[in-house]
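>>> fold the stuff below for me.
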Amino acid sequence: MKTINVLAILPYEGMKEIIINAAKEFEEISLYAYVGDLEEGVRIVKERSDDQEYDLIISRGGTAELLKKELKDRTILEIQTSFEDVFHAVLLARNYQEKFAIVSFPVIAQRAKELCVLLRYDIEVHTIRSEQEAVELLKKLQKAGYTMVVGDMITALVAKRFGMNPVLIMSGRESIDMTLRQAQQLAIMKKKISGECEILKSMQQTLPVHFTVLDEQGNVVESNVKNTEENDRYLAFVQENIELFKKKSDFYLERRFGKTIFIIHSARREMDGETLFFVYGRSVYMEVPEKKGGIFLAEEAESEGYVFESSFGVINSVGQAREAILQCCDSRLPVLILGEPGTGKDAAASSIYHMGYNRGGAYFIIDCELVTGKEWNQFFEKPTSPLLDVNCTIYFKNIQALSSVTEKKLRDLIEYTNLCKRNQIIFSAVVRRGEEKCLMAEYILNRVKCFLLQALPIQQRKKDVKSLSVIYLNALNVELGKQIIGFEPEAEEELMNYHWPGNVTQLKRVLREAVMRTKECYITRNNICMCIRNEIFLAPDENVYNINLEQSLYDITYEIVCMVMKQENMNQKRTAERLKVSRTTIWRILKEHETDLQPKGV
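Numbering: from 1, shown residues only. From the prediction side, this is the model:
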C-alpha cells in the first residue's frame, strides 16, 4: 500500500510528542507534526503545503475549526476530546478550593457540559469561538472572583496573561490513536475514491457525448466539452438555459450549432444539500445534403434572415398576417401555407419555426421543385433521414411540384408513421387563380388535421403596404448603414397605388433599390417611380397582370398610356418614346378620355 502523508498541527509540544510516538505503530502513515494554534496553525499549513502534498491534516479544537473555514478544499480531521480527557481535567480541578470555570471552544465545551450534567457537577461551562472572546470572557470572570479556568490551549495562554491558574484539557494517547486510525481509514477511502474519479474522468473525456454539470447559478462544475467554436456555443447555450432545466426534473431538447445537431438531456439531482444539473449533449450528423439539390439543413443565419423577406417575419409581421402567424406558432398541428408567388411563404415557415414550440430543433427545408428522384429515395429510405427522426422541423415547399409517385410515398409516410406528430411539419404550395388545383394541398386539407395559413397578395391587403414599408425601411437602414427617416407623401402614394404583381418580394426589392439610391433623409416620388420602372424591364409580363383584357382595345390602350405616364413621372415625351408613338397621339388618347393625366397647356 502507498504511504499516507499526514500533516499534524498541535496546540502544545507535549501532544506533538505523543502523536509522533503513536504514529510509529502505523506503518502506512508518514507523519509531519508541528506546534501552532489558530492563525499560526493555518499559516504553517499553507507554508508546508507548498513543499509537500498531504493526504489529510490533523488538528484539535479551535485550530481545527479555523482550518476547516480557511481551507475548504482540504480534508481536516479533528482530534476528538473524549469524556475521559475532560473527566481527568475536571476531576483535577475539583480539588481546587477557589472559584473556577470551564472555558473552551465548542467541541470541548460541549463535552464538558455533557459530563457535568451526567455527574451532576455544579461547574460553569462557557463556550468561546475566538481568542478575542476568550480575552473578554476571562476579564469578566476575573472581576467576578474566578482565579482558575479549565480549557484548551488558547484559554490556558490567555489565563496566564491575566495571572489566572490554567488547567489544560489534554488529549490522551487513546484519543490520538483513534484519530490516527480514522486518518488511515479515511486516507485509504480517499485514495480509492480518487482513483475511481480518475477512471471516471478518463471515461468522461472519451465519452461520445458532451457531459456538463451545472450548479443553480449556471456555473460549470464539471465538463468534458472541448474548446472549439461550435462547442463553446453549445456550452454557452446550456448555461443560458439553466432556468429551463430548473422547471423540469428531466428535460429534453434538440438544438443545432453550426452543422451539428445536439440532442440535449438534463437531470436535476440533490447532492449534499446542493442542487446540481447533469446535462448530456449527444451530437448527431444528419446525412442530408446542405444546399445541394432540393433538400438541405437550413443554416441558422439563413433561416433567421427570412424575417425581412415578407410580412410574416418575426419582427415585421403586421395586421392579420401577424395574428395568423401567432396562432400557427401556438399550435402543434401541421401547417399548410397557400399563396401566390412572392407572398412570403418561406418567411412564414421560418417564422413558425423560430417562434414555435420546436425552435430548439433542427430545421430542414425540402424544395419539391428541385429534389431529384434519387434524392427522394435516399430521403425516404436512409435511417439517418429527418423523416425518421423526432423533434425536428421539416418544411416541404412547393408541394404543387410533387410527382404522383413521390406524392404517394409522402402520403403513406404521413398516414402510417405519425410523421406530423413526431415532428413539426410545414407545407407550402404556390396557387394562382385559374390554374389547376394542387392535389397534395387538397389531400392535406381534407385528410390531415392541419392549420391553414393564407399568404394573401398585396392587392388584397393594400392597407398593410405602408406599415410594411416602414418596417422594411428600418431593416434596410440597419443592413445598409443608412439613416432614412421615411417617404415623401407622393412617394407613399406611389407605393399604395402600384398593384405589386410580384407581391411582398417585389415590394422589398423596390424598397432596397430606393434606399440604395437615396442620399437624403426621405425617399422621393421620383426615386420610387424609377425603381418601379426598372421592375418593368426586369419582369415585363408582370406589368399587364391587372389590365382587364376583356374590355375594348380602345380602353386597353388608354390604360397602358396611363400606366406608362405615371411611371415616367407624367412626362409625355418619354411616354411617347417608350410606346413608339408621337406626343400628339398620347395627347389625343388622354383628351378623348378626358383624364386628369392630360398636361395643362397642351
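>>> please make it C-alpha for all contacts and neighbour counts, starting now.
Will do.
>>> hey, which helix is longest across the protein?
Ordering each helix of the chain by length in residues (DSSP state H) puts helix 173-206 first.
>>> note down every partner strand of the next helix or strand after it and its orientation.
Once helix 173-206 ends, the next helix or strand along the chain (criterion: DSSP states H and E) is strand 210-214. Paired with strand 210-214 in the same sheet, following DSSP bridges, are strand 220-223 (antiparallel), strand 274-284 (antiparallel).
>>> show residues contacting the last one.
Same thing as strand 274-284. 208-216, 238, 245, 260-270 (CA atoms under 8 Å, 6 or more residues apart in numbering).
>>> kindly export stretch 418-437 (C-alpha atoms) in PDB.
Provided in PDB are the C-alpha atoms of stretch 418-437 (Å, rounded to 0.1, in the frame of the first residue of the first chain):
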ATOM      1  CA  ASN A 418     -47.100   9.600 -37.400                       C
ATOM      2  CA  LEU A 419     -44.700  12.000 -39.200                       C
ATOM      3  CA  CYS A 420     -46.800  15.000 -38.300                       C
ATOM      4  CA  LYS A 421     -46.900  14.000 -34.600                       C
ATOM      5  CA  ARG A 422     -43.200  13.200 -34.200                       C
ATOM      6  CA  ASN A 423     -42.000  16.400 -35.800                       C
ATOM      7  CA  GLN A 424     -43.200  19.900 -36.600                       C
ATOM      8  CA  ILE A 425     -44.300  19.800 -40.300                       C
ATOM      9  CA  ILE A 426     -44.900  22.800 -42.600                       C
ATOM     10  CA  PHE A 427     -46.200  22.600 -46.200                       C
ATOM     11  CA  SER A 428     -46.400  25.300 -48.700                       C
ATOM     12  CA  ALA A 429     -47.800  25.500 -52.300                       C
ATOM     13  CA  VAL A 430     -48.000  28.100 -55.000                       C
ATOM     14  CA  VAL A 431     -51.600  28.700 -56.000                       C
ATOM     15  CA  ARG A 432     -52.800  31.100 -58.800                       C
ATOM     16  CA  ARG A 433     -56.200  32.000 -59.900                       C
ATOM     17  CA  GLY A 434     -57.400  30.000 -62.800                       C
ATOM     18  CA  GLU A 435     -54.700  27.300 -62.500                       C
ATOM     19  CA  GLU A 436     -55.100  23.600 -61.800                       C
ATOM     20  CA  LYS A 437     -55.600  22.800 -58.100                       C
END
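>>> residues in contact with it?
Applying CA under 8 Å, 6+ apart, the contact partners of stretch 418-437 are 332-341, 345-346, 349, 358, 387-400, 413-414, 438, 441.
>>> only whichever of those are buried, select them in PyMOL.
Those of these that count as buried under 16 or more other CA atoms under 10 Å are selected in PyMOL with:
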select buried, resi 332+333+334+335+336+337+338+339+340+341+345+346+349+358+387+388+390+391+392+393+394+395+396+397+398+399+400+413+414+438+441
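>>> low-confidence regions, the stretch 251-400 of the chain specifically.
Flagging of the stretch 251-400 of the chain using pLDDT under 70 yields the residue ranges 251-262, 283-322, 384.
>>> so where's the stretch 501-602 of the chain shaky on pLDDT?
Ranges of the stretch 501-602 of the chain meeting pLDDT under 70: 536-550, 567, 569, 594-602.
>>> cool, and the stretch 101-250 of the chain?
Using pLDDT under 70, the stretch 101-250 of the chain drops low at 197, 200-201, 203-208, 227-231, 249.
>>> any idea how far Leu445 is from the residue nearest to Leu10 when sequence neighbours are not counted?
Among residues not flanking Leu10 along the chain, Val35 sits closest, at 4.8 Å (CA to CA, 6 or more residues apart in numbering). As judged by CA to CA, to the nearest Å, Val35 and Leu445 stand 87 Å apart.
>>> likewise Lys246?
Counting by CA to CA, the gap from Lys246 to Leu445 is 40 Å.
>>> domains of this protein?
As recorded under automatic domain parsing, the domains making up the chain are 4-79+174-187, 83-170, 207-284, 295-456, 462-543, 547-592.
>>> for Ile199, which of those is the nearest?
For these, proximity to Ile199 was assessed by CA to CA; domain 207-284 is nearest, at 12.2 Å.
>>> next one: the longest helix of the chain to chain centre, how far?
38 Å (CA atoms, centre = their mean, to the nearest Å).
>>> quick check: angle from that helix to strand 210-214?
Helix 173-206 runs at 140 degrees relative to strand 210-214, counting by axes from the mean of the first three to the mean of the last three CA atoms, to 10 degrees.
>>> and the contacts of stretch 418-437, which of them are in strands?
Among those, the members found in strands (DSSP state E) are 335-339, 393-397.
>>> for those residues, which one is nearest Val561?
Nearest to Val561 among the ones in strands among the contacts of stretch 418-437 is Gly339, at 30.6 Å by CA to CA.
>>> look up how far Gln460 lies from that closest one.
Distance of Gly339 to Gln460, given as CA to CA: 12 Å.
>>> now do the contacts for Lys160.
By CA under 8 Å, 6+ apart, the neighbours of Lys160 are Pro166.
>>> wait, the residue nearest to Leu10 sits on Leu7?
No: assessed by CA atoms under 8 Å, Val35 is found out of contact with Leu7, at 11.0 Å.
>>> so between those two, which is more surrounded?
The residue with more neighbours, out of Val35 and Leu7, is Leu7; 24 against 17, by other CA atoms under 10 Å.
>>> secondary structure element for that one, which one?
strand 4-10.
>>> quick one: strands adjacent to that strand?
strand 29-35 (parallel), strand 56-59 (parallel).
>>> make CSV from those and add distance to Met189 and mean pLDDT to it.
What follows is the strands paired with strand 4-10, written out as CSV (distance: least, CA to CA, whole Å; pLDDT from 0 to 100):
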stretch, distance to Met189, mean pLDDT
strand 29-35, 14, 90
strand 56-59, 12, 89
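>>> need the winner for burial among those.
strand 56-59 (a mean of 23; mean count of other CA atoms under 10 Å).
>>> name the surrounding residues that touch that one.
Residues contacting strand 56-59 (CA under 8 Å, 6+ apart): 5-10, 64, 74-79, 183, 187.
>>> closest to Leu370 among the residues you listed?
Distance to Leu370 across the contacts of strand 56-59 (CA to CA) is lowest for Arg74, with 65.1 Å.
>>> phi and psi next, for that closest one.
Per-residue torsions, Arg74: phi -110, psi 150 (degrees, to the nearest 10).
>>> so how far is Lys580 from it?
The spacing between Arg74 and Lys580, counted by CA to CA, is 95 Å.
>>> tell me the first helix or strand C-terminal of the one helix or strand Glu494 maps to.
Here Glu494, judged by DSSP H and E, is contained in helix 489-497. Downstream of helix 489-497, the next assigned helix or strand under DSSP H and E is helix 503-517.
>>> give the buried residues for that following helix.
Applying 16+ other CA under 10 Å to helix 503-517 flags 503-508, 510-515 as buried.
>>> equivalent analysis for stretch 6-21, please.
6-11, 15-16, 19-20.
>>> show me where the stretch 51-200 of the chain has its helices.
61-70, 83-93, 106-119, 131-143, 153-161, 173-206 (DSSP state H, counting those that start in this stretch).
>>> can you give me the helices for the stretch 451-600 of the chain?
Using DSSP H, counting those that start in this stretch, helices in the stretch 451-600 of the chain cover 465-480, 489-497, 503-517, 525-538, 553-567, 572-579, 583-592.
>>> what helices and strands are in contact with the third one?
Helices and strands in packing contact with helix 503-517 are listed as helix 465-480, helix 525-538; criterion 3 or more CA pairs under 8 Å, 6 or more residues apart in numbering; DSSP states H and E.
>>> so how far is the longest one off the chain centroid?
Spelled out, it's helix 465-480. On CA atoms, centre = their mean, the centre of helix 465-480 falls 29 Å from the chain's centre.
>>> now stretch 447-455
32 Å.
>>> how about it: buried residues?
Applying 16+ other CA under 10 Å to stretch 447-455 flags 448, 450-455 as buried.
>>> could you do stretch 458-468 as well?
Quick answer for stretch 458-468 (16+ other CA under 10 Å): 458-459, 464-465, 468.
>>> let's have the residues you listed in a markdown table, adding distance to Val90 and pLDDT.
Shown next, in a markdown table, are the buried residues of stretch 458-468 (distance: CA to CA, whole Å; pLDDT from 0 to 100):
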| residue | distance to Val90 | pLDDT |
| --- | --- | --- |
| Ile458 | 98 | 82 |
| Gln459 | 102 | 80 |
| Asp464 | 94 | 81 |
| Val465 | 95 | 84 |
| Leu468 | 91 | 81 |
